[in-house]
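S.K.: Sequence first, predicted coordinates after that:
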Amino acid sequence: MEMGFVRNWFKWSQLVLAMVVVQMFVAGMNLLSKVILSEGSFIFALMAYRHVVAAICVAPFALCFERIKEHKLGWSLWLWLFVNALTGVTAAMALFYYGLRDTTATYAANFLNLIPIATFVLSTITGSEKLNLKIRAGKIKCLGVIVCVGGAITTSFYKGKAFYLIHHSYNHHRITVDTTYAHWTRGTVLLVCSCLSYSTWFIGQVKLLKIFPLKYWATMSICIMAALQSTVIGLCLDTSTASWRIGWDLQLVTILYSGALATAATFCLLSWAISAQGPLYPPMFNPLSLIFVAISGALILGEEIRMGTLLGMFMIIVGLYSFLMGKRKETKRVSLPEQVKTISELTGSQLTAAVVPTTSPDNCHICPDSIAVDVDHEDGLNKNTVNPRGLEAKEITMLMF
């Protein structure tokens, strides 16, 4: 019993740690993206290069740890891989970066916190996630979602008093983004579409992992397709050599970091978490990236921290803890085999007794030795045939019901 508890706790802690690491990768990518986008880098060139790097990083794991020969690669599988690459990678990232270009970095980053609620709504509609409001775990989980989103909204709209973790007079390399040509309405629409695209990817990943459970091969295939999609779209928009040239500068660092950590490692960890906990689990950690960006931006870039940001962080942590606690209780509830039924259920329609008397041609009397009772036990797996001697069929039926 204790070993089972330790094993379950260790697996749960691994999932939590993996999702926290993913948000750290995302926060680092956001900080690097601030710099290169302000320098006018071509978005689709960056996307194409980063996904080539990601495919190269995942390839050794796919070749060493997974056997693709055991799975048939039909047209339906390639279609799902193509759709996943288009929704979760190409479209989602492109829409976010172009929305970022039309607005500001802070405004765009807050839209990532809408992905959990969008995923929650879509997964509930599609049946991938159940509300389970009749049980305590479901109520705690839903309350955690509401509080977490409330924290993200508080961080976005309530500013409060500003202060600095390091003295701002020592920050001589403040990064500024040109917003002269900002288009707030168009940028907002693009960012909302990006959130919906990310949410669609989380839901589609559930279906993909069911028909193609090889996580490394799926990640590598999606990255290759995303690189091809980004290249084709990018060449249609800009064919100049300058837009596709890579120098030995921060742009190259961003491509390597984004490809190896923010794409390859992140997608593998997300696929693992989705297969274990469902599509809603990973995006619930997205608000943590806001905390990491705020702290790292204050320490590295010397940016200010607002009281509203701290209040929002507190709400996000409380909401996230509530969601994880509810999800863990819900997982314990359904972790047993589906065939396991409670005693209350067994007293209802799940418990059946079939009394099969055997008659002989000579007479129509019930033979005591030939009474078969077919009972669906709690484990739902074993069905025993009982031949009780000395009990008539009527007595057995009364005993069972």
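M.R.: Yep, that arrived.

S.K.: Quick one: residues contacting residue 113.
M.R.: Neighbouring residues of residue 113 by CB atoms under 8 Å, 6 or more residues apart in numbering: 149, 152, 155-156, 286-287, 290. In this view, the C-beta of every residue, glycine as well, is placed from N, C-alpha and C.

S.K.: mind running it again at 7 Å?
M.R.: The contact partners of residue 113, by CB atoms under 7 Å, 6 or more residues apart in numbering, come to 149, 152, 286-287, 290.

S.K.: Share the number of residues neighbouring residue 76, please.
M.R.: 11 (other CB atoms under 10 Å).

S.K.: Retrieve the pLDDT associated with it.
M.R.: Note for residue 76: predicted pLDDT of 83.

S.K.: give me phi/psi at it?
M.R.: When read as degrees, to the nearest 10, the backbone of residue 76 gives phi -60, psi -40.

S.K.: Could you measure from it over to residue 211?
M.R.: Residue 76 sits 7 Å away from residue 211, going by CB to CB, to the nearest Å.

S.K.: likewise residue 33?
M.R.: 33 Å.

S.K.: Between the two, which is the more surrounded one?
M.R.: Neighbour count, other CB under 10 Å: between residue 33 and residue 211, residue 33 has more, with 22 against 13.

S.K.: That one - nearest residue in space that isn't next to it in sequence?
M.R.: The shortest distance from residue 33 to any non-neighbouring residue, by CB to CB, 6 or more residues apart in numbering, is to residue 254 (6.9 Å).

S.K.: count of neighbours near the one you found?
M.R.: Close neighbours of residue 254, defined as other CB under 10 Å, add up to 23.

S.K.: quick one on the thing from earlier: which neighbours do residue 76 and residue 211 share?
M.R.: Common neighbours of residue 76 and residue 211, counting by CB under 7 Å, 6+ apart, are absent.

S.K.: quick one, what contacts the residue nearest to the spatial centre of the chain?
M.R.: In the chain, the residue lying closest to the centroid (CA atoms, centre = their mean) is residue 282, at 3.2 Å. For residue 282, the contacting residues are 19, 202, 270, 273-274, by CB under 7 Å, 6+ apart.

S.K.: Make CSV out of the residues you listed and add distance to residue 63 and neighbour count.
M.R.: Shown next, in CSV, are the contacts of residue 282 (distance: CB to CB, whole Å; neighbours: other CB atoms under 10 Å):
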residue, distance to residue 63, neighbour count
19, 27, 24
202, 27, 25
270, 21, 24
273, 23, 21
274, 23, 23
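
S.K.: got the contact list for stretch 142-153?
M.R.: Residues outside stretch 142-153 that contact it (CB under 7 Å, 6+ apart): 110, 113, 116-117, 120, 131, 133, 284, 287, 290, 312, 315-316, 318-320, 322-323, 326.

S.K.: before we move on, back to that, buried ones in the helix or strand hosting the residue nearest to residue 33, by neighbour count?
M.R.: Element membership of residue 254, judged by DSSP states H and E, is helix 250-257. Going by neighbour count (16 or more other CB atoms under 10 Å), the buried part of helix 250-257 is 251, 254-255, 257.

S.K.: Okay, now the unreliable bits of the stretch 101-250 of the chain?
M.R.: 104-107, 156, 166-182 (pLDDT under 70).

S.K.: one more time with 90, if that's ok
M.R.: 101-189, 191-192, 195-196, 198-219, 239, 242-243, 245-250 (pLDDT under 90).

S.K.: in it, which spans are strands?
M.R.: 162-163 (DSSP state E, counting those that start in this stretch).

S.K.: Can you show me the helices along it?
M.R.: 105-111, 115-126, 136-157, 184-211, 215-237, 241-244, 250-257 (DSSP state H, counting those that start in this stretch).

S.K.: Can I get those in CSV including distance to residue 68?
M.R.: Shown next, in CSV, are those (distance: least, CB to CB, whole Å):
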stretch, distance to residue 68
helix 105-111, 37
helix 115-126, 28
helix 136-157, 36
helix 184-211, 13
helix 215-237, 5
helix 241-244, 32
helix 250-257, 27
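
S.K.: what's the closest of these to residue 11?
M.R.: helix 215-237 (16.0 Å; CB to CB).

S.K.: Alpha carbons of that closest one, in PDB - could you do that?
M.R.: Provided in PDB are the C-alpha atoms of helix 215-237 (Å, rounded to 0.1, in the frame of the first residue of the first chain):
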ATOM      1  CA  LYS A 215       5.400  10.600 -28.600                       C
ATOM      2  CA  TYR A 216       8.900  11.200 -30.100                       C
ATOM      3  CA  TRP A 217       8.000  10.200 -33.600                       C
ATOM      4  CA  ALA A 218       4.800  12.300 -33.400                       C
ATOM      5  CA  THR A 219       6.800  15.300 -32.200                       C
ATOM      6  CA  MET A 220       9.500  14.900 -34.800                       C
ATOM      7  CA  SER A 221       6.900  14.500 -37.600                       C
ATOM      8  CA  ILE A 222       5.000  17.600 -36.400                       C
ATOM      9  CA  CYS A 223       8.200  19.600 -36.300                       C
ATOM     10  CA  ILE A 224       9.100  18.600 -39.900                       C
ATOM     11  CA  MET A 225       5.700  19.400 -41.200                       C
ATOM     12  CA  ALA A 226       5.700  22.700 -39.300                       C
ATOM     13  CA  ALA A 227       9.100  23.600 -40.800                       C
ATOM     14  CA  LEU A 228       7.800  22.800 -44.300                       C
ATOM     15  CA  GLN A 229       4.500  24.800 -43.700                       C
ATOM     16  CA  SER A 230       6.400  27.800 -42.400                       C
ATOM     17  CA  THR A 231       8.900  27.700 -45.300                       C
ATOM     18  CA  VAL A 232       6.100  27.600 -47.900                       C
ATOM     19  CA  ILE A 233       4.100  30.400 -46.300                       C
ATOM     20  CA  GLY A 234       7.200  32.400 -45.700                       C
ATOM     21  CA  LEU A 235       8.500  32.200 -49.300                       C
ATOM     22  CA  CYS A 236       5.000  33.300 -50.500                       C
ATOM     23  CA  LEU A 237       5.300  36.400 -48.300                       C
END
